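Colleague: Give me the fold of what follows.
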Amino acid sequence: MKIIILAALFACAMAMPKRMVMPRLPASVIMKGKYQLIPEDKIVGGTVVAPNSLPFQISLQRRSGVGSYSQSCGGSILDENTIIDAAHCVRGVDPTILRVVAGEHSLRTDSGLEQNRGVTRITIHENYRPLTFENDISLLFLDAPLDLTVPSAQPILLPPPTEEFDPAPGLMVSVSGWGTTSSGGVISDQLRSVEVPVVSDDVCNTAYGGTASSPEVYPSMICAGDISNGGVDSCQGDSGGPLYVTPLDGNAAEARQIGIVSWGQGCALAGYPGVYTQVSYFLDWIATNRV
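Modeller: Modelled structure (predicted):
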């Protein structure tokens, strides 16, 4: 039945005069019919950041059969040996084909600040559920320590346990990555970031068709995006990257990661905020598994 539904959606997309793409949703949402096909040219807001101004951001790349690497997901430096990422970025992936690049800015141009590391081991949350994206968190362990004495590669701070409850709706937070600048579009060559407002769990859950007895957005998730106008969001290729808050002086060295890019309805659609793994719910899991 699932295959038939997905095939029908692709057939509808092909029949449209304007190219349409599938939403980036958990299968449970798609199967309920709570989706819409997405115009490909919906541009995601945001700007290119100053090179290496977000030193915690990494590019997670996959090696092809011919040996070249391409952008796959984002991620954050937790310490010199560990990257925090989304489970869906690495589930079922052979770690030997992965490369972590710290100090990256342009995917096409080497600056000399890049640090390339292989991945020796992946730990995915034991209760990760692909159908709902619950517990969408993982840790990647590197084959050699990163040099964190340089300004271009620095660990991100984690939130304190007191932030287990959702930040206030409307709080402006940031998300960054090399993901597509439109839904179904092409990967950005340079690292970009965008500010998005936090959306309450109740509003977000309703948007995706969830109820109290059968939620789509769980307490361990946090939502952010402009639900009134759209236009700002993370997108494909940003998965696994950080949702973070910075102090008023903008010092990225003091940024705290509150979320991990997880899922959403398309990119930057009004009424459908992006959904992120809420890091504060997983502090004990991170502490237990990072060693």
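Colleague: how about the helices in this protein?
Modeller: Under the criterion DSSP state H, the chain carries helices at the ranges 2-15, 27-31, 87-90, 201-207, 283-289.
Colleague: neighbouring contacts of the last one?
Modeller: This means helix 283-289. 78, 84, 123, 125, 137, 139, 158, 159, 161, 279 (Cβ atoms under 8 Å, 6 or more residues apart in numbering). (C-beta placed from N, C-alpha, C; glycine too.)
Colleague: Do I have it right that residue 194 meets residue 47?
Modeller: Yes - with contacts counted by Cβ atoms under 8 Å, residue 194 reaches residue 47, the gap being 7.4 Å.
Colleague: Neighbour count: those two, which is higher?
Modeller: Neighbour totals were compared for residue 194 and residue 47, and residue 194 leads with 22 against 10 (other Cβ atoms under 10 Å).
Colleague: Roughly how far does the more buried one sit from residue 80?
Modeller: 28 Å (Cβ to Cβ, to the nearest Å).
Colleague: same check, this time on residue 259
Modeller: 23 Å.
Colleague: who has more neighbours, the two?
Modeller: With neighbours defined as other Cβ under 10 Å, residue 259 and residue 80 compare such that residue 259 has more, 27 against 16.
Colleague: Now residue 193: closest residue in space that isn't a chain neighbour?
Modeller: With sequence-adjacent residues excluded and distances taken as Cβ to Cβ, 6 or more residues apart in numbering, residue 193 is closest to residue 176, at 3.9 Å.
Colleague: which residues touch that neighbour?
Modeller: Counting by Cβ under 8 Å, 6+ apart, residue 176 has contacts 49, 54, 57, 74, 191, 192, 193, 194, 238, 241, 242, 244.
Colleague: Next, format those residues as JSON lines and append distance to residue 92 and pLDDT.
Modeller: Formatted as JSON lines, the contacts of residue 176 follow (distance: Cβ to Cβ, whole Å; pLDDT from 0 to 100):
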{"residue": "49", "distance to residue 92": "31", "pLDDT": "89"}
{"residue": "54", "distance to residue 92": "29", "pLDDT": "95"}
{"residue": "57", "distance to residue 92": "24", "pLDDT": "96"}
{"residue": "74", "distance to residue 92": "19", "pLDDT": "94"}
{"residue": "191", "distance to residue 92": "27", "pLDDT": "92"}
{"residue": "192", "distance to residue 92": "28", "pLDDT": "89"}
{"residue": "193", "distance to residue 92": "29", "pLDDT": "88"}
{"residue": "194", "distance to residue 92": "30", "pLDDT": "86"}
{"residue": "238", "distance to residue 92": "20", "pLDDT": "76"}
{"residue": "241", "distance to residue 92": "20", "pLDDT": "94"}
{"residue": "242", "distance to residue 92": "23", "pLDDT": "94"}
{"residue": "244", "distance to residue 92": "28", "pLDDT": "94"}
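Colleague: All set now, cheers.
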